[in-house]
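Student: got a predicted model here, sequence first, then my questions.
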Amino acid sequence: MTEPSPPPEVELKSLRDRPFELLAELERRGRATSAQANPEASSGREWVGVALRMAGDLYLVAREETREVLGVPASTTRVPGAKAWIKGLANVRGQLLPIIDLRQFLGSGVTPVTRNTRVLVVNHREIPAGLLVDEVLGFRRFAENEFSGDAPPTVARCERYLAGAFRRAHEQWPVLSLRSVLESPAFTEAAA
């Protein structure tokens, strides 16, 4: 049995000794603010994606296509005879994971490794892969009516892997299909 949430006039300070109620109140206030800021999103279905930065552009990938986000592994083992965009194999919790430089695969340069660089682990049944990206920005939510089938040109030259874009105000978020990337002939022919 769950306790009812406190009334809206409750001060957050009064809930500091009741963490569950404090989190519930913060969640309620956040949803109320979000609904006021974007009323069309609350009335329709919602699409959730992982936002990332690559070659200076912003992208979205479907939440379902992403298993997890990791820091750059401390060490990888180079794969002899593999293309340069395959950085190597990393041991992630006892499982071998191929680390792929997504920018290099797309032909738009090598991803510089900084403190923001992340590995996006793809949720694919047959093809394990960790994609090296400049930065992961977290989840972004969009109403389905903000989707457009038109994909804008990109710096990373990945138009053939885009599945449309979400538009909100002046922002444009191309949707990168990780399934299309992993199942493309260029990706599956990884031998140099």
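Tutor: Looks like it arrived, so ask away. Numbers count the residues shown, from 1 in each chain.

Student: is residue 105 in a helix, a strand, or coil?
Tutor: What DSSP: H, G, I helix; E, B strand; the rest coil gives for residue 105 is helix.

Student: in the chain, which spans are strands?
Tutor: For the chain, the strands defined by DSSP state E cover 46-54, 57-62, 66-71, 86-92, 95-101, 118-122, 130-133, 135-143, 147-148, 162-168, 171-176.

Student: for residue 17, find the nearest of those strands.
Tutor: With distances scored as C-beta to C-beta, the stretch of the strands of the chain nearest to residue 17 is strand 135-143 (29.3 Å). To be clear about C-beta, it is placed using only N, CA and C from the backbone, and glycine gets the same treatment.

Student: re the thing from before, highest mean neighbour count out of the strands of the chain?
Tutor: Here the criterion is mean neighbour count by mean count of other C-beta atoms under 10 Å, and of the strands of the chain the winner is strand 130-133, at a mean of 25.

Student: sorry, back to before: now mean pLDDT and distance to residue 111 too, for the strands of the chain, in CSV please.
Tutor: CSV is the format used below for these (pLDDT from 0 to 100; distance: least, C-beta to C-beta, whole Å):
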stretch, mean pLDDT, distance to residue 111
strand 46-54, 95, 8
strand 57-62, 95, 13
strand 66-71, 96, 14
strand 86-92, 96, 9
strand 95-101, 96, 5
strand 118-122, 97, 10
strand 130-133, 97, 5
strand 135-143, 95, 10
strand 147-148, 90, 28
strand 162-168, 92, 19
strand 171-176, 92, 14
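
Student: export these to TSV and tack on distance to residue 28?
Tutor: Below are these laid out as TSV (distance: least, C-beta to C-beta, whole Å):
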stretch	distance to residue 28
strand 46-54	17
strand 57-62	27
strand 66-71	27
strand 86-92	37
strand 95-101	39
strand 118-122	31
strand 130-133	33
strand 135-143	17
strand 147-148	28
strand 162-168	23
strand 171-176	27
